[in-house]
Every structure is written in structure tokens, then in C-alpha cells.
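Give me coordinates for this.
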Amino acid sequence: MNLRRLILLVGAVVLVIGVIGLLMPVSIPGPDNQKIGCGNAVAADTSSAQQADNRNPVNLPILNELVPHTDYAAQCQSAVGDRRTWTIPVAVIGLVVLLGSFFVGGRAGGVRTR
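Here you go, the predicted structure:
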């Protein structure tokens, strides 16, 4: 395997890892240990997190009780942001390496003999 093919393979693998990371679903732990879906790193969907926030008893007026407030929508946005933080650079690096492989080791060096 020559250098060009090796770099092409490495770039393709890194690009696929970045794209899979972008498309994998993101979720956070919700009330009663259930998972709340947040969409993926390409398209965030905080509707189920907002529904969980609306059902949270902290939003109901209860006198003389202190209920801890958990903002599931903000946690969802943070989880999606964290996923984007590492997947976008990985995908871009994979693409750059993949494209760079076309400029490396294209021609065999040396003098031809008969």
C-alpha cells in the first residue's frame, strides 16, 4: 500500500467517524431515569425536553415547598453543543486529509531505465 492510499484510507475513516458522530442521536437523562431525546448534532430537537420542563413540578405553584429545578431544554442544547464541538472538527479534518491525499505521492520519482 503506497502513501497516497494510506492517507486516503485514514482520511476516509476519520470523515466517516465525524459524519456518524453528527448523525447519532443525542439524549440526556430525564426524570425517573428515562432518556430525553435531543435530536442529533445536525438538527437539534428540544421539543421533548421542553415537554419534560412543562411537567416539572417546579413550574407549578406549590406553597412552602422547595423543588429543585432542572432545565432539560438547556441540558439538551448543551449536549448537542458538546457533540458538535468534537464531531465537526473531526469531519473537517477527515475531509482535509482525504482531499490532501490527492496531492501526495502522485508520481513515482526517479529515472526510468530501459
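
Near Asp32, how many residues? Count them for me, please.
5 (other Cβ atoms under 10 Å). For every residue, glycine as well, the C-beta is placed using N, CA and C.

And Thr85, by the same measure?
With other Cβ under 10 Å as criterion, Thr85 counts 10.

ok so it is a helix residue?
Yes: looking at Thr85 with DSSP: H, G, I helix; E, B strand; the rest coil, it is inside a helix.

per-residue confidence for it?
Note for Thr85: predicted pLDDT of 96.

Who are the contact partners of it?
By Cβ atoms under 8 Å, 6 or more residues apart in numbering, Thr85 lies in contact with nothing.

in the chain, what secondary structure element scores lowest on mean pLDDT?
When the helices and strands of the chain are scored by mean pLDDT, DSSP states H and E, helix 47-55 comes last with a mean of 85.

which stretches of this protein form helices?
For the chain, the helices defined by DSSP state H cover 3-23, 47-55, 72-100.

The ones you listed: which one's closest to Cys38?
Ranking these by proximity to Cys38 (Cβ to Cβ) places helix 72-100 first, at 3.9 Å.

hang on, the earlier thing: residues in contact with the least confident helix or strand of the chain: which ones?
So helix 47-55 is contacted by Ile28, Gly30, Pro31, Ile36, Gly37, Cys38, Asn59, Asp71, Tyr72, Ala73, Gln75, Cys76 (Cβ under 8 Å, 6+ apart).

what is the fifth one paired to in the beta sheet?
Looking back up the chat, that one is Gly37. Per DSSP bridges, the residues bridged to Gly37 are Ser27.
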